[in-house]
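Peer 1: return atomic coordinates for the entry below.
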Amino acid sequence: MRFRPHDLGVTVLAAALLCAVPASAAAHPQPEHTDRPGGTTTAEDADPGLGVGKNPDGSISPAGSNDWSCVPTAVHPRPVVLAHGTWGNQNDWDVLAPQLKAEGYCVFSVNYGRDTTSALGALRGVYGTGDIRSSAGELAAFVDRVLGATGAARVDLVGHSQGALMSRQYLRFNGGASKVGQLISLVGTNHGSGSALSAVAERLPPGSAPVFDAGLTSIVGAAAAQQLAGSDFVRSVNAGGDTDPGVDYTVIASTQDDASVPPEATFLAAGPGATVHNVWVQDLCPTDTFKHDTLPQSPTVAYIIEQALDPAFTGNPCPRR
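Peer 2: Numbers count the residues shown, from 1 in each chain. Predicted structure coming up:
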């Protein structure tokens, strides 16, 4: 979850931006897929006129990603699909994607959850703000396209923050469990994120919760609100247990995580027919200080992901920087 609700300055800024967003920019959700040949997406609705947003804006795929002619090898038969987090886009994988490609994987990255009805969601290049259920449907369509293009029977998913929670929604409610071999959850908000806003929500006067939820959603987007600990969405995803049969899970946590809190809440418990490997980044590299948003760039995270994808992988889990 890229939204840091303990930072009240962000919320104040978002409220100011909400007042500045032109009405035409906040008309309707506009989901976009990274499913065009050549690995690029259109971004004609990406800038509502505020002149601010993310750079890169997600319109060009990471190097090595979204090669729709890629044929999986016998060594790496499952394509790897990368799902960013809240307020992110596919360029969050600009470091990891080419590394996986160089190891011989077919790599695909998706933009999902583009919804311009919130202040932050209307900014250029900002994805992962729409309802997570809808985003899971987008992921389902994207995975089907990957399977169709590559001829693979299953993919492996790597989800950062909301990307992990959204992937679990896909596995459970969108038929994904039969199409995924492994889910690698990178600081996923799997049980919600405890925060100052969660504490506020618990102390609201009776009957005022819907007003609070609506106000929060209008600023940060539906997905950020859905990831608060104790939300209806989080309870729904976890109601049947943490895992789905037939899927292997690697769950990565960091003591330096400053958004998905407490960090250990990301860990999963294995249910029937599933395996779970919970790992702390600092167990392999005590000096790793990458924060929540930048963990996809961590060499230690790359090592953990590559080992999860291929146990024969060898490398240095804690290179000197």
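
Peer 1: ok, P319 - how many residues close by?
Peer 2: Using other CB atoms under 10 Å, P319 is surrounded by 11 other residues. For glycine as for every other residue, the C-beta is placed from the backbone atoms N, C-alpha and C.

Peer 1: contact partners for it?
Peer 2: Contact analysis of P319 by CB atoms under 8 Å, 6 or more residues apart in numbering lists P299.

Peer 1: ok, and the closest non-adjacent residue to D244?
Peer 2: Leaving aside its sequence neighbours, D244 sits nearest to A177 (CB to CB, 6 or more residues apart in numbering; 4.2 Å).

Peer 1: low-confidence bits of the chain, can you list those?
Peer 2: 1-51, 195-213 (pLDDT under 70).

Peer 1: mind listing the helices for it?
Peer 2: Along the chain, counting by DSSP state H, helices occupy 8-20, 96-102, 132-150, 162-173, 196-202, 209-220, 222-226, 232-238, 281-284, 299-309.

Peer 1: quick one: which of those helices is nearest S118?
Peer 2: Closest of the helices of the chain to S118 is helix 209-220, at 5.8 Å (criterion: CB to CB).

Peer 1: how about stretch 189-196: buried residues?
Peer 2: For stretch 189-196, a neighbour-count test (16 or more other CB atoms under 10 Å) marks T189, N190, H191, G192, S193, G194, S195 as buried.

Peer 1: can you tell me the closest non-neighbouring residue to the second one?
Peer 2: On the basis of CB to CB, 6+ apart, the spatially nearest residue to N190 that is not a chain neighbour turns out to be T266, at 5.2 Å.

Peer 1: can you get me a residue count around the closest residue to E138 other than its chain neighbours?
Peer 2: Leaving aside its chain neighbours, E138 sits nearest to Y112 (4.5 Å; criterion: CB to CB, 6+ apart). Per other CB under 10 Å, the neighbour tally for Y112 reads 30.

Peer 1: kindly report the same for the one 10 residues further on.
Peer 2: Using other CB under 10 Å, A122 is surrounded by 30 other residues.

Peer 1: ditto for the one 4 residues further on
Peer 2: Applying the criterion other CB under 10 Å, we find 27 residues in the vicinity of V126.

Peer 1: check the gap between the residue lying closest to it once chain neighbours are set aside and T275 for me.
Peer 2: Leaving aside its sequence neighbours, V126 sits nearest to W87 (CB to CB, 6+ apart; 5.3 Å). Note on W87: its distance to T275, by CB to CB, to the nearest Å, is 31 Å.

Peer 1: with neighbour numbers in mind, choose between the two.
Peer 2: Taking neighbours as other CB under 10 Å, W87 and T275 compare with W87 leading, 26 against 11.

Peer 1: so what's that one up against?
Peer 2: Residues counted as contacts of W87 (CB under 8 Å, 6+ apart) are R2, F3, K54, L120, V126, Y127, G128, T129, G221, A224.

Peer 1: could you measure from D92 over to G58?
Peer 2: Distance of D92 to G58, computed by CB to CB: 9 Å.

Peer 1: go on, V126?
Peer 2: Applying CB to CB, the value for V126 to G58 is 9 Å.

Peer 1: joint contacts of the two?
Peer 2: Taking CB under 8 Å, 6+ apart as the contact rule, V126 and G58 both touch N89.

Peer 1: just the contacts of W87: which are in strands?
Peer 2: Using DSSP state E, the subset of those located in strands is empty.
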